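Engineer: Fold the following.
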Amino acid sequence: MTSPLMQALSLTGLVGGSTPGMLAESQVSTMFQLWQKGWTISGMAAEFDHDRKTVRTWVKRWKSGLLTTSPVAAIEAEGKRLGRPPSVLATLEPQWLKERFEAHAGNADVVRQDVKAKTGKSVSLRTVQRNVKDFRQELRAEQLATVRFETPPGKQLQVDFGSKTVTVGVEKTKVHVCVLTLGWSRKIFVRAWQAEKQAHWFTTFEEAFLAFGGVPEELLVDNAKALVKKNDGKETVEINAEFLAFCEHWGTKPRACRPYRARTKGKDESMVKYVKRNALAGREFASWDALNAHLDTWTREVADARVHGTTRVPPTTRFAEERNALAPLRGQPR
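Structural biologist: Numbers count the residues shown, from 1 in each chain. Alright, predicted model coming up:
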């Protein structure tokens, strides 16, 4: 009977035999993740530049249970069967290692430092890299599955805060900018505050609705306590009661990003950086009112007037169409 190790190596094309295709181990694992997420055979064949027959053979093996997990896991299982002593990483919960990997955005060296702090034992960087390989492949699969994720007009408003030290009055102070980006047109709305309290979020939302002349179908936010009470990244998402009531009042729906995954609202993440580097860099303001007046002018004359790098159209031009897709204001009080 073929061992799990030989089976894994054979399936990945690392040894001879009747392999369904000479695919690298990393390709197999990434393809496995995409298959679990519902990718089609044609889609995976195009992504990895392989014949559809090769991909179809892999899918048949997964469906039949011949390979129920990734090759990396099969190789690790073979090591346990041979009675090898567990490594330092084997004594840790896989979920803990995955959380550390995600918290450090895939930086294996920082994960290695966390392992030493937790266990008191040193492990090599290469060992950590091998053990987080599946996590990195999952991340890659998710990125492939969400490339160029677009929403229709009026569907989504992405929201985030950023901060930068700026001179306001006579003193340097930490300015918190709330940046809202409409997902389809990329039109933005920006407000500067001295903090990131719930009232600041709500006021910015309301001023944006009035400026846009309508309300989007959903608000995509991060996991700030002012908005999201709990989000475990899996099935449990509990929206802050006040934020939920706010959304019901305005006729929109709250949606929370998955923790440690800023890519989910990448359009707004990019705009926060743009505001900090373009609208605020090297500038001084006489007052907070002057700062927000500058942001309004900059948004109108610079941000919304430029040709957007992805859409190849100025946000103002696309907003002329998206405005009609927003839910109309119903005259409700703020």
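
Engineer: For the stretch 151-300 of the chain, just list every one of the strands.
Structural biologist: 156-168, 171-182, 188-193, 218-221, 228-231, 237-239, 253-256, 284-285 (DSSP state E, counting those that start in this stretch).

Engineer: To V272, which of those lies closest?
Structural biologist: Closest to V272 of the strands of the stretch 151-300 of the chain is strand 156-168 (CB to CB; 3.8 Å). C-beta: built from backbone N, CA, C; applies to glycine.

Engineer: Report the contact partners of C247.
Structural biologist: 219, 239, 253-254 (CB atoms under 8 Å, 6 or more residues apart in numbering).

Engineer: at 10 Å instead, please
Structural biologist: Contacts here follow CB atoms under 10 Å, 6 or more residues apart in numbering; on that basis C247 touches 205, 215, 218-219, 227, 239, 253-255.

Engineer: Make CSV from those and add distance to D296 and neighbour count to it.
Structural biologist: Below are the contacts of C247 laid out as CSV (distance: CB to CB, whole Å; neighbours: other CB atoms under 10 Å):
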residue, distance to D296, neighbour count
F205, 16, 25
V215, 20, 24
E218, 25, 18
L219, 21, 24
L227, 24, 22
I239, 30, 20
K253, 28, 14
P254, 26, 18
R255, 27, 19
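
Engineer: and of the residues you listed, the nearest to A103?
Structural biologist: L227 (20.3 Å).

Engineer: List the contacts of the closest one.
Structural biologist: The contact partners of L227, taken as CB under 10 Å, 6+ apart, are 159, 198, 201-202, 219, 221, 239-240, 242-244, 246-247, 254, 256.

Engineer: A108 too?
Structural biologist: 100-101, 125-133, 135-136 are the contacts of A108 under CB under 10 Å, 6+ apart.

Engineer: one more time with 7 Å
Structural biologist: Contact partners of A108, counting by CB atoms under 7 Å, 6 or more residues apart in numbering, are 125, 128-129, 132.

Engineer: try E322
Structural biologist: By CB under 7 Å, 6+ apart, the neighbours of E322 are 153-154, 182, 184-185.

Engineer: Name the member of these with the most neighbours.
Structural biologist: L182 (28 neighbours; other CB atoms under 10 Å).

Engineer: can you pull the pLDDT of it?
Structural biologist: pLDDT, L182: 94.

Engineer: again with V275
Structural biologist: For V275, the predicted pLDDT is 92.

Engineer: coming back round to it: can I get the strands of the stretch 151-300 of the chain in CSV including distance to K60?
Structural biologist: Below are the strands of the stretch 151-300 of the chain laid out as CSV (distance: least, CB to CB, whole Å):
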stretch, distance to K60
strand 156-168, 38
strand 171-182, 43
strand 188-193, 48
strand 218-221, 38
strand 228-231, 37
strand 237-239, 36
strand 253-256, 37
strand 284-285, 64
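
Engineer: hey, least reliable of the ones you listed by pLDDT?
Structural biologist: Minimum mean pLDDT among these: strand 228-231, a mean of 82.

Engineer: could you say what helices and strands it packs with?
Structural biologist: Using 3 or more CB pairs under 7 Å, 6 or more residues apart in numbering; DSSP states H and E, the elements in contact with strand 228-231 are strand 237-239.

Engineer: sorry, back to before: for P314, find the nearest of the strands of the stretch 151-300 of the chain.
Structural biologist: Using CB to CB, the strands of the stretch 151-300 of the chain put strand 188-193 closest to P314, at 12.1 Å.

Engineer: Output the closest one as CSV, nothing but the C-alphas.
Structural biologist: Output of strand 188-193 as CSV, limited to C-alpha atoms (Å, rounded to 0.1, in the frame of the first residue of the first chain):
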residue,chain,number,x,y,z
ILE,A,188,-15.0,60.0,-2.2
PHE,A,189,-16.1,62.0,0.8
VAL,A,190,-13.6,63.1,3.5
ARG,A,191,-13.9,64.6,7.0
ALA,A,192,-11.1,65.4,9.5
TRP,A,193,-11.6,64.8,13.2
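
Engineer: Buried residues, that strand. List them.
Structural biologist: For strand 188-193, burial by neighbour count (16 or more other CB atoms under 10 Å) applies to 188-193.

Engineer: pLDDT below threshold where in the protein?
Structural biologist: Within the chain, the set of residues satisfying pLDDT under 70 comprises 1-27, 65-87, 139-149, 232-235, 258-268.

Engineer: the longest helix in it is where?
Structural biologist: helix 198-212 (DSSP state H).

Engineer: report the angle between the axes of that helix and strand 188-193?
Structural biologist: 150 degrees (axes from the mean of the first three to the mean of the last three CA atoms, to 10 degrees).

Engineer: Now do the buried residues in helix 198-212.
Structural biologist: 200-202, 204-209, 212.

Engineer: Same check on stretch 97-107?
Structural biologist: Those would be 97, 99-102, 104, for stretch 97-107 by 16+ other CB under 10 Å.
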